[in-house]
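J.: Take this sequence and fold it.
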Amino acid sequence: MMKLNDLFFFVRVVDHRGFAAASRALGIPKSSISKRIAALENDLGIRLIHRTTRQFAVTETGTGFYRHAKAALIEAEAAEEFVREQLSEPRGLVRLTASAAMVQMALAELIPEIAALYPKIQISLVTTNRYVDLLQEKFDIAIRAHRTELPDSEYVQRKLGYSPNYLVASPAYLAEHGTPREPEDLCDHLGIFIDAMESQKPTWRLCRQGAAAVDIPLIPKLFADDPSASLNAALAGTAIANLPHGLCWPHIQTGKLVRLMPGWRTGGTTTTILMPHRRGQLPAVRAVVDSLAKGLTHRLALSTS
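T.: Reported below is the predicted structural model:
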């Protein structure tokens with residue numbers, strides 16, 4: 001296959017009307033240029049330049065080849081310039097996916113801030129609770145909140161922090177059913193859980209410093225794998241919910257929800273940014289990741305303070 005450098009030397013020789021002139025212009029020995037042109041002609045199987053001691057002439061085929069070779073060099077230079085522009089300033093499309101709860105808790109505010117910070121970046125946000133395949137579905141970034149460690153994969157993982165869950169209920173629910181003060185009080189209360197479990201009664205594990213963890217069964221009232229649905233049910237007085245701090249804290253501050261047994265921990269989630277590749281990331285992806293990491297880390301720090 002032809003080498004781009006050989007095309008470059010051929011075009012420069014034709015432009016300067018000879019090997020000696022091209023050698024002086026490029027600062028490369030005439031013999032080196034001649035060898036590269038000979039190699040190009042050998043690859044093509046045809047003579048491009050007639051060489052004599054008195055005359056320099058491009059063959060008919062060489063003249064046509066010159067036009068295409070020069071156009072190829074122009075395109076190569078344009079391609080290089082495009083990459084340099086991409087590397088010099090964040091620009092282009094960045095595809096991001098996150099859960100509905102993550103969008104509601106943080107991204108709805110963060111994404112507009114990032115868009116304003118980088119005018120030449122376009123952000124495509126796809127909201128889904130499904131764990132997408134970043135490579136197959138061509139996403140640049142995924143943000144995941146997970147209760148257990150993520151499995152090892154080819155993805156680059158950037159952990160941002162941990163956020164606790166709170167037990168919460170509406171004032172209306174507590175007025176009707178009473179307020180639990182200790183873990184065992186929860187046994188007579190209605191609960192909102194993630195998954196229906198046919199083989200056993202659903203429980204919550206509660207922990208407190210200096211005390212053994214206890215698993216407390218509640219009366220299942222609702223199963224919802226979407227935290228937003230659980231939040232709405234808790235606000236409606238349906239049952240007690242075990243929700244991420246970022247989702248329920250604004251409603252605790254307004255009095256629409258009451259945090260129960262604050263001395264006990266009820267689990268939590270780790271927030272991680274996933275990316276398909278470490279190498280070759282465009283500045284736009286790095287800029288969005290860094291901005292997301294800064295904003296989400298700040299919110300996670302607030303949730304543990």
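J.: how deep is the closest residue to residue 291 other than its chain neighbours tucked in, by neighbour count?
T.: Once flanking residues are discounted, residue 291 sits nearest to residue 114: 4.6 Å by CB to CB, 6 or more residues apart in numbering. In this view, the C-beta of every residue, glycine as well, is placed from N, C-alpha and C. Other residues near residue 114 number 20, with proximity taken as other CB atoms under 10 Å.
J.: try the one 10 residues further on
T.: Close neighbours of residue 124, defined as other CB under 10 Å, add up to 11.
J.: one step back: quick one, phi/psi of the residue nearest to residue 291?
T.: When quoted as degrees, to the nearest 10, the phi and psi of residue 114 stand at phi -70, psi -40.
J.: could you measure it against residue 284, distance?
T.: Applying CB to CB, to the nearest Å, the value for residue 114 to residue 284 is 10 Å.
J.: any residues in contact with both of those two?
T.: Common neighbours of residue 114 and residue 284 are listed as residue 121 (criterion: CB atoms under 8 Å, 6 or more residues apart in numbering).
J.: Which secondary structure state does residue 166 sit in?
T.: Recorded secondary structure, residue 166: strand (DSSP: H, G, I helix; E, B strand; the rest coil).
J.: who's in contact with it?
T.: Applying CB under 8 Å, 6+ apart to residue 166 gives the contacts 242-243, 245, 248-249, 252, 259-260, 262, 266.
J.: And residue 300, by the same measure?
T.: 160-163, 271.
J.: repeat for residue 205
T.: 213-216, 266-267.
J.: how far out from the middle of the chain is stretch 75-82?
T.: On the basis of CA atoms, centre = their mean, to the nearest Å, stretch 75-82 sits 27 Å off its chain's mean C-alpha point.
J.: Of all the residues in the longest helix seen in the chain, which ones are buried?
T.: In the chain, with assignment by DSSP state H, the single longest helix is helix 60-88. Judged by neighbour count using 16 or more other CB atoms under 10 Å, the buried positions of helix 60-88 are 62, 65-66, 69-70, 73.
J.: Please produce TSV containing these, extended by pLDDT.
T.: Below are the buried residues of helix 60-88 laid out as TSV (pLDDT from 0 to 100):
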residue	pLDDT
62	92
65	92
66	91
69	91
70	89
73	88
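J.: Average pLDDT for whatever helix or strand comes next after the longest helix of the chain, rounded please.
T.: On the C-terminal side of helix 60-88, the closest following helix or strand by DSSP states H and E is strand 92-98. Mean pLDDT, computed over strand 92-98, is 93.
J.: Is it correct that residue 216 is in contact with residue 203?
T.: Yes - here residue 216 reaches residue 203: they are 5.9 Å apart, a contact under CB atoms under 8 Å.
J.: Would you mind listing which of the contacts of residue 205 are buried?
T.: By 16+ other CB under 10 Å, these give 214, 216, 266 as buried.
J.: just checking, which of those residues belong to strands?
T.: Among these, the members falling in strands (DSSP state E) are 214, 216.
J.: and the residue lying farthest from the centre of the chain, how far is that from residue 12?
T.: Residue farthest from the centre of the chain, counting by CA atoms, centre = their mean, is residue 54 at 63.2 Å. Per CB to CB, residue 54 is found 21 Å from residue 12.
J.: Not counting sequence-adjacent ones, nearest residue to the residue nearest in space to the middle of the chain?
T.: When CA atoms, centre = their mean is applied to the chain, the residue found nearest the centroid is residue 141 (1.3 Å). Residue nearest to residue 141 in three dimensions, not counting chain neighbours: residue 96, with 4.6 Å by CB to CB, 6+ apart.
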